[in-house]
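*Asks:* Got a predicted structure plus its sequence, pasted below:
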Amino acid sequence: MSGERPIVALVDDDDDLRLATGQLLMLAGYDVRGFADAPAALAAIDQAFAGVVVTDVRMPGMSGIELFRALTARDADLPVVLMTGHGDVDMAVSVLKAGAWDFLSKPFDPDALLAAVARATTARALTTENRRLRALAEDAGADELVGHSVAIRQLRATLPMLSDADLDVVVEGETGTGKQLVARLLHRGGRRARHRFVTIDCAALPPGAENNLFDAFGTLSQANRGTLFLDNLDRAEERVQHRLVQFVERRAVALDAREPVVVNARIVAAIDEGARARVLPALFHRLAAVSLRLPPLAERLEDVPLLVMHFLARHARGTTRPAADLAHLAARRTWPGNVRELELAVERSVLGLDDKARADTELPLPERVRGFERALITDAVTRAGGDVTRAIELLQIPRETFYYRVKRLGIDLRRLRAP
């Protein structure tokens, strides 16, 4: 978000009426750009235009209806509000069916115009943000490490430097943060990608299973020239960890044989955040040539909308169901299961198993937009601890627009400020 006022392109050949309507919109917090005729507006409004259009219908030369059709041919999602001094019911019905956002008869109620423009502006902001997120998700799709938070950008920059190195790596993070994904990216990005990526879940090893790991034909030997991923290393039994110390030190199995089998493997180990004490120091320090930390989703909430778009594109592919309204996921602030929990929530919504998403999808678009807007404002005030000035900074909207929307949406600021 730029933090600038939302833009309204106002098209009317009546200079006095255009000036009066423009002042009304400016007082409501909008950046108004006036045009005296449709061709001038059409020349100025391209596909990158992030605002909405309010246009008179009856104008010499090119009418507002023709302008609407030309604009929506470029961008079908552009909201256009039409005004006319000639009450024509048939015309109103036809243009609304064709996709016009709203139709107002002159003289119109100023509140009706402001309400129509406010709904259109919110919808336009959502469309613009979705396009931006979709583009980012497509850019991130190649490596699947999705996010634009500082921590994720730093991690994305670090992985290529480590991929071709033979240094062992310890990845720490909460459950569901993507530790195995990081291990696979390290494997795929380097010369070992031509060989196997072998996973051993240390938490799932049954008693006595370690004997099969460390013999000449065991699981460890299969990682030769590839990558060995030791998942949940902190949950491995102590005797397994002692044997792993020997393996890491000598890079060989069947150590009691006359000729031990050499295993040239790069090792990536995953441990739960805060669980270093459960790993033998001798093992941890041999593996932690490099230590990476994956932050929980609660520390990078700015990535949630982008992740939602990424998972929606992944799980909605091939389905004929309409895309679910997942605004409620973006507004949540607790994800104990982290990225994995978020992905499952998106998948449930795509399959129609999420009652909240299904109920939201069945609502008319204006209701869904109002619900999303109410959630964003409420969340911002809560995050700001009830400090309205800080909330306005988080939302990056003018103060007048904030209070106008709070009143229109019926948000109780006193309740939000309460401890």
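*Replies:* On my side now, so go ahead.

*Asks:* Number of residues surrounding Pro160?
*Replies:* 13 (other C-beta atoms under 10 Å). From N, CA and C alone the C-beta is placed, and that goes for glycine too.

*Asks:* Look at it and tell me its secondary structure.
*Replies:* Under the three-state scheme (DSSP: H, G, I helix; E, B strand; the rest coil), Pro160 adopts helix.

*Asks:* In contact with it, which residues?
*Replies:* Contacts for Pro160 were tallied using C-beta atoms under 8 Å, 6 or more residues apart in numbering; they are Gly189.

*Asks:* how far away is it from Gly385?
*Replies:* Pro160 sits at a distance of 40 Å from Gly385 (criterion: C-beta to C-beta, to the nearest Å).

*Asks:* And Gly208, by the same measure?
*Replies:* Distance from Gly208 to Gly385, counting by C-beta to C-beta: 55 Å.

*Asks:* Next: Pro110.
*Replies:* If you measure Pro110 against Gly385 using C-beta to C-beta, the figure is 35 Å.

*Asks:* Just want to know which of those two has more residues nearby.
*Replies:* Comparing Pro110 with Gly385 by neighbour count (other C-beta under 10 Å), the higher total belongs to Pro110, at 14 against 11.

*Asks:* Now do Tyr403: how many residues are near it, please.
*Replies:* By the measure other C-beta under 10 Å, the count of residues near Tyr403 is 14.

*Asks:* in the helix or strand containing it, what's buried?
*Replies:* Counting by DSSP states H and E, the element that carries Tyr403 is helix 399-409. Of the residues in helix 399-409, those buried under the neighbour-count criterion (16 or more other C-beta atoms under 10 Å) are Thr401, Phe402, Tyr404, Arg405, Val406, Arg408.

*Asks:* And the residue nearest the centre of this protein?
*Replies:* For the chain, the residue sitting closest to the mean C-alpha position, by C-alpha atoms, centre = their mean, is Leu306 at 1.7 Å.

*Asks:* quick one: contacts for Ala98?
*Replies:* Taking C-beta under 8 Å, 6+ apart, we find Ala98 in contact with Phe68, Arg69, Thr72.

*Asks:* Could you identify the least confident member of those?
*Replies:* For these, the minimum pLDDT belongs to Thr72; the value there is 87.

*Asks:* Quickly note the distance from it to Ala391.
*Replies:* 35 Å.

*Asks:* out of those two, which sits in the busier spot?
*Replies:* Comparing Thr72 with Ala391 by other C-beta under 10 Å, the one with more neighbours is Ala391, at 23 against 17.

*Asks:* mind checking the SS state of that one?
*Replies:* Per three-state DSSP, Ala391 ends up helix.

*Asks:* Going by length in residues, pull out the top strand of this protein.
*Replies:* strand 266-272 (DSSP state E).

*Asks:* And that strand, what does it pack against?
*Replies:* strand 169-173, helix 179-188, strand 227-231 (3 or more C-beta pairs under 8 Å, 6 or more residues apart in numbering; DSSP states H and E).

*Asks:* hey, C-alpha coordinates of it in CSV?
*Replies:* In CSV, the C-alpha atoms belonging to strand 266-272 read as follows (Å, rounded to 0.1, in the frame of the first residue of the first chain):
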residue,chain,number,x,y,z
ARG,A,266,25.7,-33.7,3.0
ILE,A,267,23.7,-33.7,6.2
VAL,A,268,20.8,-31.3,7.0
ALA,A,269,19.3,-31.8,10.4
ALA,A,270,16.0,-30.3,11.7
ILE,A,271,15.3,-29.6,15.3
ASP,A,272,12.4,-27.9,17.1
